[in-house]
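1. Structure here, sequence nowhere to be found:
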Ligand code: SAM
């Protein structure tokens, strides 16, 4: 079979470093009888070693030409293949069929990584954990704290839902073709009954953070002025002169809860 020519449009940067692959498989720690889903198996760099440890692996791959070449390999028989866009895949149906929380992993196609993570957050109640290779900047956004340039809506929503850990820094040299960016392998574990933050409604939290970070340079009194008066911000112990990156996830939750508790959600039509 001819050598595969990597497609830029599908972010095909294949892992080639055996030590990194081994470490990643160790972090994923696949176990028999789990519902494991790999996104973008590509040329099976992770797929094959994961299949050495389990009986069945569900894979979602957009490029139909990649996996055909592995038909004669023994691990191929363990695959349940969906040739689909991971952004359109019905994860809920998969969960309903198996009635078991899903574990998702992959060296993600970087052009869809953020959208995919947000899409998966909307189905968080069916997910046990996620282990992803990401572009360094996306991983840093996910884990950013207040005060950081990268702290924003993604950090707040991600840290609201999940305990996120950076597991491994990966150099561009570990991929073929070599990407222009550094990578980080992260683990995201959804909180179950141990949520560190509370919000009545995640859609309201999402709305407030979106409004605040739309104009990053504006002080809160201006960016959130449409909803919160200066007096309300002060009453909530939030300095109206601060910029959106300077207040905590807890404070964003407070703001969104204020909206619900004061029946303002009808007025602003968030839902
Ligand atoms: N897992 C392989 C590895 O580590 O070498 C390949 C990783 S490569 C960065 C991303 C993979 O995701 C490619 O195989 C690509 O074809 C696939 N892909 C790209 N867009 C996709 C999408 N929307 N849905 C599913 N797979 C996609």
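-> That came through, no problem. From a predicted model like this one, the values you see are computed outputs, not experimental measurements. Numbering: from 1, shown residues only.

2. secondary structure element for the closest residue to residue 246 other than its chain neighbours?
-> Excluding the flanking residues, the one nearest residue 246 by CB to CB, 6 or more residues apart in numbering is residue 146, at 6.0 Å. Every C-beta, even on glycine, is put in place using the N, C-alpha and C of the backbone. Assessed by DSSP states H and E, residue 146 sits outside every helix and strand.

3. What score does residue 146 have for pLDDT?
-> Note for residue 146: predicted pLDDT of 97.

4. where's it relative to residue 170, distance?
-> Going from residue 146 to residue 170 by CB to CB, to the nearest Å gives 27 Å.

5. Same drill for the two, tell me which one is more crowded.
-> residue 170 (22 against 17; other CB atoms under 10 Å).

6. hang on, the earlier thing: wait, the residue nearest to residue 246 sits on residue 252?
-> No - counting by CB atoms under 8 Å, residue 146 stays clear of residue 252, with 9.7 Å between them.

7. And for residue 214, the neighbour number?
-> Residues lying near residue 214 (other CB under 10 Å) number 11.

8. Tell me which residues touch it, please.
-> residue 223 (CB atoms under 8 Å, 6 or more residues apart in numbering).

9. Next up, phi/psi of it, please.
-> Main-chain torsions, residue 214, degrees, to the nearest 10: phi -60, psi -40.

10. Now for the closest residue to residue 51 other than its chain neighbours: which residues touch it?
-> Using CB to CB, 6+ apart and skipping residues adjacent in sequence, the residue nearest residue 51 is residue 75, 3.8 Å away. Contact analysis of residue 75 by CB under 8 Å, 6+ apart lists 44, 47, 48, 51, 52.

11. Tell me how far residue 75 lies from the ligand.
-> Using CB to the nearest ligand atom, to the nearest Å, residue 75 is found at 14 Å from the ligand.

12. Can you turn the buried part of the contacts of residue 75 into a PyMOL selection?
-> The buried residues among the contacts of residue 75 can be selected in PyMOL (16 or more other CB atoms under 10 Å) with this line:
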select buried, resi 44+47+48+51
